[in-house]
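> Give me the fold of what follows.
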Amino acid sequence: MSSTSLRIKLFEEPGTSINSDSTAITEQLSHLSCNKALLREQSTRPSESASIPQQREQQIGPGRTPRLPPSANSLMVQPILGEREPAAPRMKRLTSYLSRIFLVDAMILFGVVCFLLWLVSCLRSFDVISVKGQGIWTLGYQGLLSMPPLAISFFYICIGIGLVRALQALKGNQELNIIHSSGGLPGLWRAAGVVIAAGVVGVLLLSNFIEPYANRRASILSASVAADLVSSTLKPQRFTQVTPGVVLLIGGRSGNGEIQEFFADDRRDPETRRTYIAETAQLSTDGDEYVVELRNGSLQNHDANGRFSEITFERYDLNVERLSQATGESNPIWEQDSITLVRTAMATGWTSDIVRRLADRNAEGLRVIGICLLVLTMSAFPSGRRAKVGVPLEAFVLLIAFGERGISTYSPMGSATGALTMIVIGTAVLLWRVRPRRTWPMVTA
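Residues are numbered from 1 along each chain as shown. All right, here's what the predicted structure looks like:
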């Protein structure tokens with residue numbers, strides 16, 4: 001049997017006679033094209049009231065019915081009448097896709113900001129570290145320990161700007177319009193919730209645990225650097241600034257490391273100026289703290305009113321950490337994590353300092369929630385209107401953060417006032433924008 005006759009036999013049905021190859025092929029091809037046109041019209045015009053036999057009669061003509069084998073019909077109808085994928089897996093993929101975009105943009109921006117802040121911190125401390133005779137590794141480590149407070153201040157700003165940039169990118173390539181028109185808003189809200197939850201967890205870890213640990217390590221490092229300066233690096237007969245406001249001078253060193261003619265001037269407190277003078281001094285440590293043992297000297301105090309007092313001593317132990325801190329005395333609350341503070345308060349009683357410190361740390365999580373809600377009100381809804389002034393939305397995020405800091409700083413109700421204000425405004429605007437609207441029926445021509 002030839003190939004031509006084999007092709008004809010594939011389309012042949014029982015009771016149908018084939019006179020010639022060309023006639024049969026032409027007739028079957030015409031039947032195929034008519035049936036494709038009919039199916040296309042049915043898929044594009046589902047609301048027509050005409051029945052399928054009437055449509056076939058209008059398309060092909062009265063008295064003629066296309067005859068196709070069952071295999072051909074099943075092959076053509078299956079792609080059109082096949083079942084769609086369930087909505088739940090599609091929404092999960094949409095949520096995962098949007099969450100990944102939002103988090104990647106925010107974390108990249110946060111990493112760049114942290115690196116720039118670390119460089120600025122190193123440049124600010126370069127002169128002080130070089131005068132103290134320390135190396136580049138000490139400079140980098142000290143800059144790293146000073147990062148957590150700055151990172152906390154910029155964290156929620158980076159989350160907001162990253163969310164804005166991701167939503168603007170979705171709007172630019174029309175993906176945001178498709179999400180709204182295809183019922184993908186639940187996936188968008190879930191992705192935003194994932195970003196908010198991740199941001200809250202991250203900033204609470206920074207403020208409640210990482211920052212106190214960094215403050216504690218920074219105090220130990222500063223005391224170690226100051227002790228090394230006093231013991232070996234400090235040059236005789238030369239004034240040296242240990243930290244801004246503290247100046248040291250020694251007359252010389254003996255063979256056993258004893259310092260001769262010790263002098264220290266402390267001007268960090270604007271209310272009181274302290275001066276330490278001793279004939280000899282010796283640096284010692286108990287493993288945790290460094291102490292300068294002053295012998296045969298005096299402690300002079302000058303207050304802002306001009307009064308002067310002097311205390312003489314045979315021995316006075318001066319903590320090196322007192323000389324190395326920027327404020328003169330370190331606050332132990334700043335160096336304890338939140339769990340330790342809660343345990344201390346439950347054992348000794350709640351004080352205003354502990355309550356205020358815990359409130360300040362946890363207010364950072366509220367800032368992340370508030371800035372994300374406001375960003376969603378600005379960027380999560382596509383609009384066909386053209387902006388009259390081409391101001392980027394990132395600038396609005398910075399202005400919002402600046403206003404929130406001002407409200408929180410000067411508000412008598414606490415440091416969370418600005419964050420709560422952002423949450424209330426963002427929630428109200430979001431509820432107003434997603435409110436159900438009345439849909440008008442379309443008028444067909």
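> Where is the longest helix in this structure?
Counting residues, the longest helix found in the chain (DSSP state H) is helix 87-131.
> quick one: it to chain centroid distance?
Distance, stretch centre to chain centre, for helix 87-131: 6 Å (CA atoms, centre = their mean, to the nearest Å).
> could you say which helix or strand contains Glu321?
helix 320-324 (DSSP states H and E).
> Packing partners of that helix?
Using 3 or more CB pairs under 8 Å, 6 or more residues apart in numbering; DSSP states H and E as the contact test, the elements touching helix 320-324 are helix 211-228, strand 240-243, strand 290-303. Yep, even glycine has a C-beta here, placed from its N, CA and C like the rest.
> Output these as a markdown table; include the columns distance to Leu98.
As requested, the helices and strands packed on helix 320-324 are exported to a markdown table (distance: least, CB to CB, whole Å):
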| stretch | distance to Leu98 |
| --- | --- |
| helix 211-228 | 31 |
| strand 240-243 | 48 |
| strand 290-303 | 53 |
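> Buried residues, stretch 216-236. List them.
Across stretch 216-236, burial judged by 16 or more other CB atoms under 10 Å covers 216, 218-231, 234.
> Any stretches of the stretch 51-200 of the chain with poor pLDDT?
51-87, 128, 131-133 (pLDDT under 70).
> following the longest helix of the chain, which helix or strand shows up next?
Using DSSP H and E, the first helix or strand after helix 87-131 is helix 136-145.
> Keeping just the C-alphas, turn that following helix into PDB.
Extracted in PDB, the C-alpha atoms of helix 136-145 (Å, rounded to 0.1, in the frame of the first residue of the first chain):
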ATOM      1  CA  ILE A 136      44.600  48.100  60.600                       C
ATOM      2  CA  TRP A 137      42.800  45.100  62.000                       C
ATOM      3  CA  THR A 138      42.000  46.900  65.200                       C
ATOM      4  CA  LEU A 139      40.600  49.800  63.100                       C
ATOM      5  CA  GLY A 140      38.400  47.400  61.000                       C
ATOM      6  CA  TYR A 141      37.200  45.600  64.100                       C
ATOM      7  CA  GLN A 142      36.300  48.700  66.000                       C
ATOM      8  CA  GLY A 143      34.400  50.000  62.900                       C
ATOM      9  CA  LEU A 144      32.500  46.800  62.700                       C
ATOM     10  CA  LEU A 145      31.500  47.000  66.400                       C
END
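> Spatially nearest residue to Ser146 (excluding sequence neighbours)?
Nearest in space to Ser146, with sequence neighbours left out and distances taken as CB to CB, 6 or more residues apart in numbering, is Ser121 at 5.0 Å.
> ok so, going back, quick one: residues in contact with the helix holding Glu321.
For helix 320-324, contacts defined as CB atoms under 8 Å, 6 or more residues apart in numbering pick out 219, 222-223, 225-227, 230, 242-243, 246, 248, 264, 266, 283, 289-292, 328-330.
> Helix or strand next in line after it, which one?
Going down the chain from helix 320-324, the next helix or strand is helix 338-348, by DSSP H and E.
> tell me the domain boundaries of this protein?
3-12+19-63+70-76, 90-230+329-436, 245-325 (automatic domain parsing).
> nearest to Arg238, of those domains?
Distance to Arg238, taken as CB to CB, is lowest for domain 245-325 among these, at 7.2 Å.
> for that closest one, the distance to its chain's centre please.
That offset, for domain 245-325, works out to 45 Å (CA atoms, centre = their mean).
> cool, stretch 413-427 as well?
With CA atoms, centre = their mean, you get 19 Å for stretch 413-427.
> List the buried residues of it.
Ser415, Ala416, Thr417, Gly418, Ala419, Leu420, Thr421, Met422, Ile423, Gly426.
> now the first one, what's its secondary structure?
So that's Ser415. Using DSSP: H, G, I helix; E, B strand; the rest coil, the structure places Ser415 in coil.
> Perfect, that will be all.
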